[in-house]
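S.K.: after the sequence you'll find the predicted model.
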Amino acid sequence: MDVAIIGAGYVGLSTAVGLAKLGHKTVLIDVDENKVKAINAKKSPIVEEGIDEALQEMVPERIYATTSYSEGITDKDVIFIAVGTPSREDGSIDLRYIKEASRMIGQHLKDTNKYVVIVVKSTVVPTTTENVVLPIIEESSSKKAGVDFGIVMNPEFLREGKALEDFLKPDRIVIGYKFEKDLEVMRRLYSKIEAPLLEVPIKTAEMIKYASNAFLAQKISFINEIGNICKILGIDVYDVAKGVGLDHRISPHFLNAGIGFGGSCLSSNEVIFIGNKDSLKPVKIKEVFSPPYDGGDIYVLGFNTNTMETPLVKVKYFTKRDFTGKMITIKLEKDKKIRVTDDHPMVVFDNGEFKIKLARDIEIGDNIPAIATI
């Protein structure tokens with residue numbers, strides 16, 4: 001089948017490669033020319049296992065990228081929307097990219113008589129697909145859903161680092177549909193994947209995604225609270241998590257105490273205090289990924305906002321990623337400064353208590369503890 005995917009980010013690119021491996025021809029559409037050029041040059045713009053090798057093998061025969069909607073959408077059987085849905089400052093979902101993609105799809109469907117299935121892959125709150133995406137496409141195309149085009153919600157459940165593996169060997173495939181003929185198209189699209197196929201109403205599929213995310217976050221929050229109790233009692237929380245996770249009803253997945261959700265980053269030139277329990281020294285983050293840190297337990301200097309203590313925290317994983325988005329330099333007193341992504345959470349002392357502000361929201365006069373910047 002011929003497939004277009006709007007959004008060449010983490011989800012979009014992984015989906016394109018996965019579908020190409022199933023034998024489909026995929027076109028990625030993205031406004032970021034650097035991403036498009038990288039993909040067409042057989043280089044992955046994200047760090048993800050198996051993606052580089054797949055691009056080397058399948059570009060341009062089965063995978064191609066473009067900034068042109070008309071070039072990418074024309075004569076496709078399925079069009080995926082895989083754009084970002086970031087949170088606003090108040091926590092609500094920002095649908096601007098979803099709406100723009102829907103409008104562009106509608107405009108380019110005006111001059112075609114082919115029935116195409118529009119698939120929302122982005123994470124959206126229940127009713128978004130039917131109450132936001134569908135009306136925009138109908139209005140901008142002057143066409144009717146179920147007659148001229150189809151509409152489906154197909155959430156993703158991909159782990160960063162294992163996205164391609166999860167796509168090809170998923171625990172389940174969830175398809176939220178409104179029209180029976182759209183369901184037939186999706187069955188053909190995924191026919192080569194052996195996994196339970198759950199076919200539900202569209203808003204049910206949307207809720208399954210949100211419920212899954214919430215439950216995984218809950219497991220992380222739970223084990224972190226248990227970890228706080230373990231610290232007081234002198235218990236190794238990792239032993240506790242292992243004992244709990246061996247219960248098949250619970251499983252060990254997402255039961256690791258520590259920071260569970262990432263996405264924002266420090267620049268590789270920033271400095272952290274790292275070493276072992278006997279000796280710490282300041283080291284640039286980029287140096288962590290090279291010798292002499294090649295074995296043994298590693299600790300970093302942490303910061304407890306409740307007690308103002310700076311405990312040593314055992315490191316379980318180091319991660320790094322290529323980043324081409326907006327970086328912010330925050331200048332502090334005594335010529336100190338820190339460079340971070342604009343969505344990096346910063347600790348701020350305000351009216352006798354510590355609060356978290358995103359880097360892009362930091363203002364002159366904000367009181368940032370020095371320890372929170374290294």
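M.R.: Nice, thanks for sending it over.
S.K.: relative to Asn213, how far out is the residue nearest to Ile250 when sequence neighbours are not counted?
M.R.: Excluding the flanking residues, the one nearest Ile250 by C-beta to C-beta, 6 or more residues apart in numbering is Val244, at 5.9 Å. Any C-beta I mention is one placed from the backbone N, CA and C, and that applies to glycine too. Between Val244 and Asn213 the distance, using C-beta to C-beta, to the nearest Å, works out to 21 Å.
S.K.: kindly report the same for Asp366.
M.R.: Remark: distance between Asp366 and Asn213 (C-beta to C-beta) = 31 Å.
S.K.: packing partners of the strand or helix carrying Gly150?
M.R.: Assigned by DSSP states H and E, Gly150 belongs to strand 149-153. When contacts are defined as 3 or more C-beta pairs under 8 Å, 6 or more residues apart in numbering; DSSP states H and E, strand 149-153 packs onto strand 116-120, helix 134-141, strand 173-177, helix 180-189, helix 202-233.
S.K.: ranking these by burial, who's on top?
M.R.: Comparing the helices and strands packed on strand 149-153 by mean neighbour count (mean count of other C-beta atoms under 10 Å), strand 116-120 ranks first with a mean of 26.
S.K.: need the contact partners of it.
M.R.: For strand 116-120, the surrounding residues in contact (C-beta atoms under 8 Å, 6 or more residues apart in numbering) are 76-81, 98, 105, 109, 128-129, 133, 137, 149-154, 182, 185-186.
S.K.: convert it to PDB, retaining C-alpha atoms only.
M.R.: The C-alpha coordinates for strand 116-120 follow below in PDB (Å, rounded to 0.1, in the frame of the first residue of the first chain):
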ATOM      1  CA  VAL A 116      -8.100   7.600   1.400                       C
ATOM      2  CA  VAL A 117      -8.100   6.700   5.100                       C
ATOM      3  CA  ILE A 118      -6.800   9.400   7.500                       C
ATOM      4  CA  VAL A 119      -5.200   7.900  10.600                       C
ATOM      5  CA  VAL A 120      -4.500   9.900  13.700                       C
END
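S.K.: by how many degrees do it and helix 202-233 diverge?
M.R.: Interaxial angle, strand 116-120 versus helix 202-233 (axes from the mean of the first three to the mean of the last three C-alpha atoms, to 10 degrees): 20 degrees.
S.K.: just how off-centre is strand 116-120 within its chain?
M.R.: Here strand 116-120 shows a centroid-to-chain-centroid distance of 21 Å under the convention C-alpha atoms, centre = their mean, to the nearest Å.
S.K.: quick one: the strands in the stretch 1-150 of the chain?
M.R.: For the stretch 1-150 of the chain, the strands defined by DSSP state E, counting those that start in this stretch occupy 2-6, 25-29, 63-66, 78-81, 116-120, 149-153.
S.K.: in CSV, list those along with mean pLDDT and distance to Lys35.
M.R.: As requested, the strands of the stretch 1-150 of the chain are exported to CSV (pLDDT from 0 to 100; distance: least, C-beta to C-beta, whole Å):
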stretch, mean pLDDT, distance to Lys35
strand 2-6, 97, 12
strand 25-29, 97, 8
strand 63-66, 96, 7
strand 78-81, 98, 16
strand 116-120, 98, 21
strand 149-153, 98, 25
